[in-house]
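J.: Dropping a prediction and its sequence here:
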Amino acid sequence: MAEKVGQSFVQPTPSGKEELGKIEVAAEVIEVVAGIAVNEVEGVAATRGNIATGVVERFGKKVHNKGIKSGVTETGEIAIDVFCSVKYGFTIPKVAKEVQTQIRQAIYNMTALETAEVNVHITGIHFEKEEVAVQE
């Protein structure tokens, strides 16, 4: 798993633009972008959270970075770890590959930062609950 060494990532200056100063993107922002990207992938049932995120979501607040951990590799690049469950009937390798692609693309599009690795951890299979009709 990626080590959380720094609290922010330095964004590169776009090519052809004058450098006016340093732009830093907080690790939490990277995690939120990744969390939103994961939830857009068909076949992902949910991301794994903890008790605190469960309580917060019960009060109506959406936690976008639930189940996402960001860090820095030994070479100083971004590494993302995603913990999610897959809906029953979907091919796990295809869903995991799509999660990797979506996260990498979303982070690059929003921050111009490249990700060194996106590690997907499938923590379970989500079965749809059948609704039982009640006869009176």
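T.: Done, it's in. Quantities reported herein were computed from a predicted structural model and do not represent experimental measurements.

J.: Enumerate every residue touching T111.
T.: By C-beta atoms under 8 Å, 6 or more residues apart in numbering, T111 lies in contact with F9, Q11, V25, V29, I30, V33. Quick note: C-beta positions are derived from backbone N, CA and C, even for glycine.

J.: from these, which is closest to E77?
T.: Comparing the contacts of T111 against E77 with C-beta to C-beta places F9 closest, at 9.3 Å.

J.: right, and that closest one touches E28 too?
T.: No - at 11.1 Å, F9 does not count as touching E28 under the criterion of C-beta atoms under 8 Å.

J.: More neighbours: which of these two?
T.: Taking other C-beta atoms under 10 Å, F9 and E28 do not tie; F9 has more neighbours (21 against 14).

J.: how close does the more buried one sit to G43?
T.: Using C-beta to C-beta, to the nearest Å, we find F9 at a distance of 29 Å from G43.

J.: Then S8?
T.: Per C-beta to C-beta, S8 is found 32 Å from G43.

J.: out of those two, which sits in the more crowded spot?
T.: Per other C-beta under 10 Å, whichever of S8 and G43 has more neighbours is G43, with 18 against 14.

J.: contacting residues for that one?
T.: For G43, counting by C-beta under 8 Å, 6+ apart, the contacting residues are V86, K87, F90, T91, K94, V95, E98.

J.: Kindly indicate whether the residue lying closest to it once chain neighbours are set aside is helix, strand or coil.
T.: Among residues not flanking G43 along the chain, F90 sits closest, at 3.5 Å (C-beta to C-beta, 6 or more residues apart in numbering). Recorded secondary structure, F90: coil (DSSP: H, G, I helix; E, B strand; the rest coil).

J.: same check, this time on A79
T.: Strictly by three-state DSSP, A79 counts as strand.

J.: List of residues touching the longest strand seen in the chain?
T.: Longest strand of the chain, by residue count under DSSP state E: strand 115-126. Contact partners of strand 115-126, identified using C-beta under 8 Å, 6+ apart, comprise 1-2, 34, 45-46, 48, 73, 75, 77-88, 92, 96, 99-100, 103-104, 107-108.
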